[in-house]
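**Student:** Generate a structure from the sequence data that follows.
(one chain, ligands or ions: 1)
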Amino acid sequence: MTAKLSDAEIETALAGVPGWTRNGDGIDRQYKFGDFTHAFAFMTRVALLAEKADHHPEWSNVWNKVDVRLTTHDAGGLSKKDFSLARAIDADE
Ligand SMILES: C[C@H](O)[C@H](O)[C@H]1CNC2=NC(N)=NC(=O)C2=N1
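**Tutor:** Alright, predicted model coming up:
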């Protein structure tokens, strides 16, 4: 079982993922690209990172924008896995 982080732990972890915003039990970030194909290529890369981590985003895509939300369903809130995947996504940009 993945441990749910406390508010204090979340605040500390947020410092390591600039650009992400906490909203309730998740963290959110919007990515904008030059066009749809670049947005979709990003989604493909993230899909591979998610599979490798066995931790998957809640996300939507409209043309050149991708809205990503990370939360841990098994924990019912934010866990270390969310911040780890956020860092992996941003390291891959
Ligand atoms: C069985 C599988 O390992 C689990 O369902 C994984 C898959 N990906 C997941 N992704 C996210 N965001 N939260 C989870 O709790 C989760 N659990």
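
**Student:** Mind telling me what element the nearest residue to A53 once chain neighbours are set aside is part of?
**Tutor:** Closest residue to A53 apart from its sequence neighbours, by CB to CB, 6 or more residues apart in numbering: L85 at 5.4 Å. (Each C-beta comes from the backbone N, C-alpha and C, glycine too.) L85 is located in helix 80-91, with elements delineated by DSSP states H and E.

**Student:** need the helices for the protein, in chain order.
**Tutor:** Assigned by DSSP state H, the chain shows helices spanning 7-14, 36-53, 80-91.

**Student:** which of these is buried the deepest?
**Tutor:** Per-stretch averages of neighbours, counted by mean count of other CB atoms under 10 Å, single out helix 80-91 among these, with a mean of 18.

**Student:** which helices and strands sit right next to that one?
**Tutor:** For helix 80-91, the packing partners by 3 or more CB pairs under 8 Å, 6 or more residues apart in numbering; DSSP states H and E come out as strand 26-32, helix 36-53, strand 65-70.

**Student:** For the ligand, which of these is the nearest?
**Tutor:** Relative to the ligand, the nearest member of the helices and strands packed on helix 80-91 by CB to the nearest ligand atom is strand 65-70, separated by 6.5 Å.

**Student:** can you list the residues of the protein near the ligand?
**Tutor:** D54, H55, H56, T71, T72, H73, D74 (CB under 6 Å from any ligand atom).
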